[in-house]
Each structure stands twice: as structure tokens, then as C-alpha cells.
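**Q** Here is my input, please return the structure:
(one chain, ligands or ions: 1)
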Amino acid sequence: MKLVNEHPESVLQNPDPEKNIDWAARFGNNNPIEIEVGSGKGHFITTLAENNPDKNYVALELQTTAAGIILRTKLEKGLDNLQILRGDAAEINHFFDENSTSVVYLNFSDPWPKSRHEKRRLTYKSFLAKYQQVLKPEGHLEFKTDNSGLYAYSVQSMNNFGMHFDFVSVDLHHEKPEILEKNIETEYEHKFAAKGNPIYALHASFET
Ligand code: SAM
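**A** Got it, this is the predicted structure:
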């Protein structure tokens, strides 16, 4: 996509996993970094970036078209604290230093329901190991989905990995107002909640 290619200062495309990315130089500061894995069209991460100018955000997204949509919003809103990384979450531990990240967000990740595709689920143990690497010891993971199968699988996978849960909800949109007011809807969340589907959510940390 032309727009994406025209803005290398905002979008890193398939960076060489062997080379270190200097995020402080790209952002122009050392503010804490939060990553959304699989941002789609980016309503969640662009809103977070707009609301929290003192934090840095990275949208990690496989697809160029989606990266272009996020980029357009970033440019329109002048979000200097948002970078777009077009790449595969399987390489996240090469894209970020160890202990460098405060939060990893997984929103409405592809469910990959067939058991033979388990390893592709973004909450499979090999992905959890990579999030653990990049997260600071005090960092955490936030996960939302409308898919009960993926939610149940993820709770089990995180539990088996020794993670602990700081928040769980099987109906996020009917939680207390103080929880609801902090929630930023994603595009998928908006669509599924409008159909009346419950939204499942959790916050989890790695044991230190
Ligand atoms: N998070 C958005 C939302 O809630 O509206 C989009 C959800 S969509 C179902 C999943 C997104 O994750 C897609 O945009 C897809 O390209 C991206 N994705 C899937 N696997 C990925 C991977 N391994 N690395 C990076 N992005 C990935």
C-alpha cells in the first residue's frame, strides 16, 4: 500500500529479526511501551494513544491493509506516541528487548478452533513464553474475545504456564461502571457486542 510505503518513520515493515529496533529513537523518548498484537483497523490502540500521550504504543499487525488504516488515523490525529509494526507476533521477542514492555494487549485474536491449528493461537504456550520475555516483571497481558472456546483455552493455557489472573470477566459489558468506563472497544468488540454476544476478558501476569 502506497501510504504505508511513504511513511517509514511511522511504519516498520517486516523488520529483520536479527537487528535490534531502537524504539526510543523511533518515539523520540523513553516512555513506557505497550503493544497490541493484531490491531486490525486500530480503533483500540489509536484511542489509547490519544488518551495517554505520556505512554508509547505499538500496533503489531500482520496485514498491510490494516496497517494502512491505522496509519491514516495516526496521521489524522497526529499521534506521535504510536508506531505501527507490520510483522508477525511469532517474532515479537525479536522486535522488542527483554523486559522492555509494560502491557501486551490481545484483542479478538483469531480463534483457530481446529486442534491441529492450536500452535497458531496467540495464547499458545510458545507465544506466552515470548510475551513473558518482552514484558517487564511488573508488566501484564490483557485479553478480550467473544469466542468462548478461545477464552476457555486461553485460561487453561495461561494457568498451565503459571500465570496468575488479576481480572476475569465472562460478561465485560455488564461489569461495574468503574470497569466499563475504562474499557475501550475494538472494532470486533463493537460488532459482536451489538449482536448481544458476551465479551470475555482477563488480565494476567507472569509469576516472578
Ligand atoms: N484486534 C482487532 C479487533 O478486535 O477489532 C482485530 C481482530 S482480527 C479478528 C485479528 C487481527 O489479528 C487481524 O487484523 C490479523 O491480521 C491480525 N493477526 C493475526 N495473526 C497475527 C500475527 N501472528 N501477528 C500479527 N497480527 C496478527
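
**Q** Quick one: distance of stretch 66-82 to the chain centre.
**A** Computed by Cα atoms, centre = their mean, to the nearest Å, the chain-centroid distance of stretch 66-82 equals 16 Å.

**Q** Going by neighbour count, which residues in that stretch are buried?
**A** Going by neighbour count (16 or more other Cβ atoms under 10 Å), the buried part of stretch 66-82 is 66-74, 79, 81-82. In short, each C-beta sits where N, CA and C put it, glycine included.

**Q** And the most centrally placed residue in the chain, its phi and psi?
**A** What sits nearest the mean C-alpha location of the chain, by Cα atoms, centre = their mean, is Glu36, with 1.9 Å. Torsion angles at Glu36 (phi, psi; degrees, to the nearest 10) stand at phi -100, psi 130.

**Q** Can I get the buried residues of stretch 66-82 in TSV including pLDDT and secondary structure?
**A** TSV is the format used below for the buried residues of stretch 66-82 (pLDDT from 0 to 100; DSSP: H, G, I helix; E, B strand; the rest coil):
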residue	pLDDT	secondary structure
Ala66	97	helix
Ala67	97	helix
Gly68	97	helix
Ile69	98	helix
Ile70	98	helix
Leu71	98	helix
Arg72	98	helix
Thr73	98	helix
Lys74	98	helix
Leu79	98	coil
Asn81	98	coil
Leu82	98	strand
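
**Q** Could you provide these in TSV, with additional columns for distance to the ligand?
**A** Formatted as TSV, the entries for the buried residues of stretch 66-82 read as follows, by distance: Cβ to the nearest ligand atom, whole Å:
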residue	distance to the ligand
Ala66	5
Ala67	9
Gly68	12
Ile69	10
Ile70	10
Leu71	14
Arg72	15
Thr73	13
Lys74	16
Leu79	17
Asn81	19
Leu82	15
